[in-house]
Structure formats: C-alpha cells, structure tokens
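1. Quick one, what's the 3D model for this:
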Amino acid sequence: MEETTQQNYNQQVPYKSEKKVVAGVLGILLGGFGVHKFYLGYTKAGVIQLVGTFVTCGIASVIGLVEGIIYLTKSDEEFDRTYVQGKKEWF
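-> This next block holds a predicted model:
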C-alpha cells in the first residue's frame, strides 16, 4: 500500500532540479569568477574560467553570463541529465 502511495506522489509532483536555479544565478552574477562551475563540481573548468577572465581583463566573463542563461532556460530534467549526471562542463 505504501509503495502505491509513493508512486502516486511521484506522478503528481513535477521533477525539480536542486542545482539549476542556484547555478544559473551564480553564472549570471559571478560567472566570470567561475563560481557556477565550482558549485556544480567542475573545479578544473572553474579555474580555467577564472584564469581566462583575468587574462582577458574580464571579457571571458561573458561565458559565465551565457552559461547562466542557458542553465535557466533548460528544463529541470534536461539540466540534471546534461550538467549533473552527464558532467558536461562547457555550454
């Protein structure tokens, strides 16, 4: 009986990615520093983003802005599948 109740609950509650909104906002606000990459667990990509921003005097921070917008426009399932489970580091 309890299993049936859990299945009904899972069907009624829409899927919600836990990291999508936070990663998107971090990408938009602090993307030049690679904070959104560090938040998702991509340390190497975060360091590359940080160095790129300093080397280009801030021009590379546009990448973080674009990635933040991409994160927020993806569906929760697609974000989770691509960036959390699939470990896709860039775009």
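2. Now do the same contact list for the most centrally placed residue in the chain.
-> Nearest residue to the geometric centre of the chain (C-alpha atoms, centre = their mean): Ala23, 4.2 Å. Neighbouring residues of Ala23 by C-beta atoms under 8 Å, 6 or more residues apart in numbering: 36, 39-40, 68, 71, 83. The way it works is simple: take the backbone N, C-alpha and C, and place the C-beta from them, glycine included.
3. which one among those gets closest to Glu77?
-> Using C-beta to C-beta, Tyr83 comes nearest to Glu77 of the contacts of Ala23, at 11.5 Å.
4. What about the closest one, how many residues nearby?
-> 23 (other C-beta atoms under 10 Å).
5. For the residue lying closest to it once chain neighbours are set aside, what are phi and psi?
-> Nearest residue to Tyr83, sequence neighbours excluded (C-beta to C-beta, 6 or more residues apart in numbering): Leu40, at 5.9 Å. The phi/psi pair for Leu40 (degrees, to the nearest 10) reads phi -80, psi 0.
6. again, but for Ile59
-> Main-chain torsions, Ile59, degrees, to the nearest 10: phi -70, psi -40.
7. circling back: can you tell me the SS state at the residue nearest to the centre of the chain?
-> Secondary structure, DSSP: H, G, I helix; E, B strand; the rest coil: Ala23 is helix.
8. Distance check, it against Cys57.
-> Counting by C-beta to C-beta, to the nearest Å, the separation of Ala23 from Cys57 is 25 Å.
9. Equivalent analysis for Gly86, please.
-> Relative to Cys57, Gly86 is positioned 32 Å away (C-beta to C-beta).
10. same question, Val25
-> Computed as C-beta to C-beta, the Val25 to Cys57 distance reads 24 Å.
11. Please say which of the two ends up with more neighbours.
-> Taking neighbours as other C-beta under 10 Å, Val25 and Cys57 compare with Val25 leading, 17 against 8.
12. Most neighbours out of the contacts of Ala23, which is it?
-> Neighbour max across the contacts of Ala23 (other C-beta under 10 Å) = His36, 27 neighbours.
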